[in-house]
Each structure stands twice: as C-alpha cells, then as structure tokens.
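1. here are the coordinates; sequence isn't available:
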C-alpha cells in the first residue's frame, strides 16, 4: 500500500539513486500514451501539481519524471508536495474553494471518494490510452465505469524470509497456513520471532491482513464470515503462541522491516519498497515468496498498491488538456519501466511487467502477484475506508483477546 501507505514512503537507497542517474534521459521519451491537446492548450505555459511524494528519494525521482514530461509538453510546473495524511483534506478543501491543482496524484483507494465529488475529469475525455494495463490497475482508477486515474507503477506485499535462519532451522519457505505456523514456531527462539507483520489500527493493518482473508474466500462486503474468521484465527494463533510479537499491534511496515533487518524476525510480510534497505545490510541473505494460503488448492489474492495520476475539473479546458498530456507521459511505457526500476515498484502494463521481472529477478514474485492483485475499492468503491476501519478494529479486538476472531468480526461488521 505503499501507495499503500501514505505515511510510509520508500527509504532512501543506493539502488534507487543509482537507477535515478539515468532516469531523465529515459523519461524524455513519453510516447507510450496519448492525450488530445489542441487549440488553446498550446498557449498554456505553466501547470500546478500536487502529490505526497515528499520524502527522498521519491520526491526527486517523481520530480524529475514530471519535469521531463513538462519539457516535452512545453510547460513549467509549480509542484507542491504534502505529507500523505494531509493530501485528501487538502484536496477536499481545494475542491470546495475551486482551487484544485492542474495535475493531481492520489493514493488509489482515495480515487473513488474524490471522483464521486465531481472533482476529477474522466481520462477518456482526453483520449488517454488504457490498453494493456493489469485489470486491478484499471479497477483502481475507475469510478462508475469511467477511468479517472492511471498508475505508472504499482506494488503489493509478499513474504520475505531470511535464508540463513531458515536453513539453520531446517525450514523451507512455507506455502500453506499449516506450514507457516510450523515454520514460525520452529524459528521462534530467545529474542527471535518466527514472523513479523503489521497489525496496527490503521489502513496498514487492514492492508496486511487482506491477502489472508481474500485468499481464503473472505469478502470485504461482509467480514462476518467463516472465511474471514479463519484468516483472523490464524493471525490470533500466531500471536497467542508467541510466534509473532504482540508488538505487531502497534508496528508499522517500517517497524516490521527493522525487526527483520535486526534478525529479530525470521520472516516478515512486507512490500518491494523495502528491498533497497535490505540490500544495504551486509550479510543479510533473503528471499521472497507469495504469502501462504490455507491449502494448496487456493490462489493468493494480493491487494494492489500504487498512486494514480488524475486531471482535476479546474474549469480551464486548455490547462486540463495540457495536464492530460502530463498524465499520459507519466504513464508512457518508457516511464513505467524507468520509474519501476528507480522505485522498486512494478510497471502497470502486463507486458512491461513481464519484461521487468526478467530484468529484475528480486521483484519477480511481486510482478507475478500484481497480475491478479485486487483493488481495495473494487467492490465497495467510496465505501471502502469505512469497511477498512471495521477490519482493523476486528484485528485489534481479536489479537488483544477482547473477543474471539469470529465475534470480533461480527461486532465490527454489525
């Protein structure tokens, strides 16, 4: 959620910086998308941009991409970056005061809320191409059958494991829940836990739980179900038997990464944005596999993270047309590959993702997961945030022993 996750932006890394060195040269070729401009848009000289990439190296990487696209369109950009938690309140205020930016980035689960307010223009109005994108990516950018946003790159979560710790314990990477419980138990000793995940009372906690619930057939429309209860029972058992620290109730994904890096967790649930930090740790030998499912007949269903670029309804048709050129350029084939490499994310177009996985084997598991990753708003649309809150409320209740997993979900749904 790294999109997911507005408050947890990528850590600065040698890998990202190295990838960035050649980025502007690649980004000058913005031929992958198209946007109708025409007429008065040619007289537009400046556009405003709002996003939440306010931490390095993302701020620079995205800034260079935007500026390269602006150069191709013959405009300059006035860019404002804000903390993730501040973005939506700011956008809602701007919408109310009719001061929306010309180009707006949104975390993909927030698009529904903003589109429903009438603040965004459908990208099809500008003939921006949408062919070749993974289904989940288009779902994340769609409101009432119209596409309002496109993400150049996306992400999801998987299971990282310390190869040396697993080898010493005679454990192979788990693929099922029973294997996960057995492995986590065997890898728990002294100050080392078998597994770390983020179960905090925010959308992050919900995001980390979704693969377990979805893969088991649970549905966000009604979390009071046996399938969701079984998934929450798994998490509860892991905490209760000591295989996962009870501190997971307050950990962020960055905290989970820190536990893994320090050798205090043999496995962790996390995303590809952590890879640059992991690669900088001398002697850390890790691998990545899909999150285990209840039984081998099931298929992993992962949540889709990533930010979408949109064209707000500013009332200035010329600027909107020019803003659409920026959105199309940011989503070009060249930029999808360049941004994915620089940010350890996955290109949103399936053919590009396949190419990317071949060139970047450490991200191959995530690339495979993204093919079928689900948008969190796919079923509930703008009602997703309320249901996400119910899910993390149930997680907290069950993991603290206030209620059984089944009762916690029933109470939260009710």
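-> Right, received. Where do you want to start? Given the structure is predicted, the values throughout are model-derived calculations rather than measurements.
2. Give the bridge partners for the residue sitting nearest the centre point of the chain, please.
-> The structure's the chain has its C-alpha centroid closest to residue 305; by Cα atoms, centre = their mean the separation is 2.0 Å. Going by DSSP bridges, residue 305 is paired in beta bridges with residue 155.
3. Was I right to think it contacts residue 151?
-> No. At 9.1 Å, residue 305 and residue 151 do not qualify as touching, with contact defined as Cβ atoms under 8 Å. C-betas here are computed from N, CA, C, even on glycine.
4. and the nearest residue in space to residue 360 that is not next to it in sequence, what helix or strand is that in?
-> Of all residues not flanking residue 360 in the chain, residue 341 sits nearest, at 6.8 Å (Cβ to Cβ, 6 or more residues apart in numbering). Using DSSP states H and E, residue 341 falls within helix 333-343.
5. Remind me what that helix packs against, helices and strands.
-> Counting contacts by 3 or more Cβ pairs under 8 Å, 6 or more residues apart in numbering; DSSP states H and E, helix 333-343 is packed against helix 14-21, helix 23-27, helix 58-73, strand 153-154, strand 346-347, helix 350-359.
6. how about a cut-off of 10 Å?
-> If contacts are counted by 3 or more Cβ pairs under 10 Å, 6 or more residues apart in numbering; DSSP states H and E, helix 333-343 sits against helix 14-21, helix 23-27, helix 58-73, strand 153-154, helix 317-330, strand 346-347, helix 350-359.
7. Name the spans of this structure whose pLDDT lies under the cut-off.
-> Counting by pLDDT under 70, the ranges of the chain that qualify are 1-41.
8. Burial check on residue 242, number of neighbours?
-> Residue 242: 13 surrounding residues under other Cβ atoms under 10 Å.
9. Quick one: distance of stretch 395-403 to the chain centre.
-> Mean C-alpha position of stretch 395-403 versus that of the full chain (Cα atoms, centre = their mean, to the nearest Å) differs by 26 Å.
10. Stretch 141-156 too?
-> In terms of Cα atoms, centre = their mean, the centre of stretch 141-156 is found 12 Å from the chain centre.
11. For the remainder of this discussion, apply numbering that starts at 571.
-> Renumbered: residue one is now 571, and that last one reads stretch 711-726.
12. Contacts only, for the residue nearest to the centre of the chain.
-> 571-575, 677-679, 710, 721, 723-727, 777, 841-843, 915-916, 940, 943, 945-946 (Cβ atoms under 10 Å, 6 or more residues apart in numbering).
13. what's the angle from the helix holding residue 911 to helix 887-900?
-> Put simply, helix 903-913 runs at 60 degrees to helix 887-900, going by axes from the mean of the first three to the mean of the last three Cα atoms, to 10 degrees.
14. For residue 818, give its distance to residue 835.
-> Using Cβ to Cβ, to the nearest Å, residue 818 is found at 10 Å from residue 835.
15. so what sits against both of the two?
-> 763, 765-767, 826, 829.
16. And stretch 876-885, end to end?
-> Terminal residues of stretch 876-885 lie 27 Å apart, using Cα to Cα, to the nearest Å.
17. chain center to it, what's the gap?
-> Relative to the chain's own centre, stretch 876-885 is displaced by 18 Å; criterion: Cα atoms, centre = their mean.
18. now stretch 678-686
-> Put simply, stretch 678-686 sits 15 Å off its chain's centre (Cα atoms, centre = their mean).
19. likewise stretch 822-835?
-> Distance, stretch centre to chain centre, for stretch 822-835: 19 Å (Cα atoms, centre = their mean).
20. buried sites along it?
-> 822-831, 835 (16 or more other Cβ atoms under 10 Å).
21. Check stretch 844-853 too.
-> Within stretch 844-853, the residues scored as buried using 16+ other Cβ under 10 Å are 844-848.
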